[in-house]
Every structure is written in C-alpha cells, then in structure tokens.
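In: please find the sequence and the predicted model below.
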Amino acid sequence: MFDDILFPTDGSDGAAAGLAFALDVAAARDATLHLLSVANTTRGALDAAAGDDTLVERARDAVDGAAERAREREVDVVETVERGSPYRVVCEYAESAGVDVVVMPTRGRRGLERFLLGSTTERVVRRSDVPVLTVRPDGDATAAYPVETVAVGVDGSDCGRAALGVGVSVTDQEDAALHLLSVVDVAALGPDIRTEALREALEADARSVLEDAAGYAASAGVDPAAEAVEFGSSVSGAIRAYVADNEVDLLVVGTHGRTGFDRYVLGSVAEFLVRTSPVPVLTVRAPEGE
C-alpha cells in the first residue's frame, strides 16, 4: 500500500509537516517518494503573481528542498515540476504514475487557519481515484509512524466498502491492530414516538454492517481487534472521540456514505474529519460506477 507515495509540495510550513510524515513512511517501507510541485499557471493565479517563470522557479525550489531532505533519509525520489491547475495536475499525476497513496497537508502556502472549501487538498480529496492521506500541521494533531492501530469507519455503502478494503490492506502491511467502527447518528432520530424502536433498528443495522466488515477482514487474513458501535449527535465527533480514547494512529474513511452524495461536499463526515481529526486520515473514493 505504501510502496509508491506521491507528495505534492509548495514549500510551505504546512507542507514541511506533511513531508516529515511521508519521509517516515517512505524510509521505513523502502518506498519511492514522488515529489511534485505545480506552478499554478491558470489565468487567475497568473494575474495575481509575478508571472509564469517566477511560479515555476518557486515550484522547482519547493521540490529541490524536499528532495534534499529525502536524500538525507536515503529515500529514493522522483522529482517533477508541472504547470497548470494544482488539484488537476495532482490527480492526473497520481493516476498516471500508478502511486499507491497521495500524502497532503491540510494547510499550504497561504497559511490557512483551517481546511477550507476550495483548497487544493480538499479538491484532491474530492476527485482523486487514488487514496489520499491528509496530515494536519497543527499543534494538537499527531502523525506518528509506524502505525500500530488503524480504525476504519464502515457504514455498508459502496464507498465504505472501498475504504474497508484499503484499511484492511494497510493494517495487514503494517502488522497493526484493526478497529472497525460504525456510528449511529442519534440526532437523526428526532422526537418521533417510535424513537426507541428506531434506535434499536439502527443499532442492529450497524452491528450487521460490522459483522460483514469483520468477515471481510478475516477472509483477508486480518482479525479485527475491536468492533464498535458508537452513538452520537455528530458522526464525526463520535469518530474523533473513539480515535482519542483508543489511541488510534490512522483513520480510514470513505469520502461519502449512505446519504447518497454523488461527490464529496462541504459538511460531509469525511470533510469534517479531514479538518479536525487528531491523527492522519486516509480518505477513499468508491470505484467509478459504484
């Protein structure tokens, strides 16, 4: 899973934090690290910048700096500088180069205080067919490697099953403990007189999803260390609490679930987790057509 890693960089402090994690993984796994910097030569970017040559020079400096750090760790690198729209170039490169994962920080050169709609990372998470591992460069977040505990959020959706497959693969490769987690959204119950019966039905459904997920993991040679149903008025909040209480090192989730989103949207569970999770989040899209 972590044999070929793509790390897009803009040379920012946020990128430096993501690079540290990517280097830890690459060094431990003897992986190839693809370093990509994109000179944003789209019309709006050029209007606000000094020009194409300046942007390309900055991109080259970003790649050179990251490559120097990689060589200090004896990590094999592939260096690339491209022109164009950053998120499009990242997604296209990830697919064409056949990388296993894209590692990105949730904050870049602009020094955003939080993960915002429209950022390059957010757009890559939405659109990448390759799993994206996001790292928060904040003081209250930790990105530790090796990974000892992996938690996978499951909900029975196509995207959730895709995330489960990736999560089990990572767990197996890392020889980590697998936690399977399904959350019952109690806020969705409302004041209905049948609330208790509905709660029991939702819990039974969640346990059925967990049973199927555990069966899949076992068939792949990974016996889950924990299977948990959590209740909460916020699905993302319940997941974050579980991560903190169980010393999870890596969280794996699908980019959309049973609510039937055609795409990753502001306000979705995955988007909030990428913003706020105290540990790295590996987001996975369902295969095309599912």
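Out: Nice, thanks for sending it over.

In: got a pLDDT number for the closest residue to P287 other than its chain neighbours?
Out: Nearest residue to P287, sequence neighbours excluded (CB to CB, 6 or more residues apart in numbering): A162, at 6.4 Å. No exception for glycine: its C-beta is placed from N, CA and C like everyone else's. The pLDDT attached to A162 in the predicted structure is 94.

In: and whatever helix or strand A162 lives in, what's buried?
Out: Secondary-structure assignment from DSSP states H and E places A162 in helix 158-174. Buried residues in helix 158-174, counting neighbours by 16 or more other CB atoms under 10 Å, are found at 158-172, 174.

In: so which elements touch that helix?
Out: strand 149-153, strand 177-185, helix 195-219, strand 250-254, strand 281-284 (3 or more CB pairs under 8 Å, 6 or more residues apart in numbering; DSSP states H and E).

In: deepest in the core, which of these is it.
Out: For the helices and strands packed on helix 158-174, average neighbour numbers computed from mean count of other CB atoms under 10 Å are highest in strand 250-254, which has a mean of 28.

In: picking up where we left off before, contacts for the helix holding A162?
Out: The set of residues external to helix 158-174 that reach it, using CB atoms under 8 Å, 6 or more residues apart in numbering, is 1-2, 131, 146-148, 150, 152-154, 176-178, 180, 209, 213, 216-217, 220-222, 250, 252-258, 282-287, 290.

In: how deep is G65 tucked in, by neighbour count?
Out: 17 (other CB atoms under 10 Å).

In: A20 too?
Out: For A20, the tally of surrounding residues (other CB under 10 Å) stands at 16.

In: just the one 10 residues further on next, same as before
Out: Here the neighbour count serves as a burial measure; for D30 (other CB under 10 Å) it reads 11.

In: how far off centre is stretch 231-241?
Out: For stretch 231-241, the gap between its own C-alpha mean and the chain's C-alpha mean amounts to 18 Å (CA atoms, centre = their mean, to the nearest Å).

In: that stretch - what's its average pLDDT?
Out: 91.

In: what's the end-to-end length of stretch 241-251?
Out: Terminal residues of stretch 241-251 are spaced 12 Å apart (CA to CA, to the nearest Å).

In: quick one: the helix or strand containing E95 to chain centroid distance?
Out: Using DSSP H and E, E95 sits in helix 86-97. Average the C-alpha atoms of helix 86-97, do the same for its chain, and the two points are 16 Å apart (CA atoms, centre = their mean).

In: what lies in contact with the next helix or strand after it?
Out: Using DSSP H and E, the next helix or strand after helix 86-97 towards the C-terminus is strand 101-105. The contact list for strand 101-105, computed with CB under 8 Å, 6+ apart, reads 1-2, 5-8, 12, 14-15, 17-18, 21-22, 25, 90, 94, 120-121, 124, 128, 130-137, 282.

In: what residues sit buried inside the helix or strand where R126 lies?
Out: When secondary structure is defined by DSSP H and E, R126 falls within helix 120-127. Within helix 120-127, the residues that count as buried by 16+ other CB under 10 Å are T120, T121, E122, R123, V124, V125, R126, R127.

In: need these in a markdown table (columns: distance to V81 and pLDDT).
Out: Output for the buried residues of helix 120-127, formatted as a markdown table (distance: CB to CB, whole Å; pLDDT from 0 to 100):
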| residue | distance to V81 | pLDDT |
| --- | --- | --- |
| T120 | 15 | 87 |
| T121 | 19 | 88 |
| E122 | 23 | 85 |
| R123 | 20 | 88 |
| V124 | 18 | 92 |
| V125 | 23 | 90 |
| R126 | 24 | 85 |
| R127 | 21 | 89 |
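
In: and which of the residues you listed is nearest P86?
Out: Nearest to P86 among the buried residues of helix 120-127, counting by CB to CB, is T120 at 4.6 Å.

In: do you know how far the residue lying closest to the closest one once chain neighbours are set aside is from A22?
Out: Closest residue to T120 in three dimensions, ignoring its sequence neighbours and counting by CB to CB, 6+ apart: P86, at 4.6 Å. Separation of P86 from A22 (CB to CB, to the nearest Å): 17 Å.
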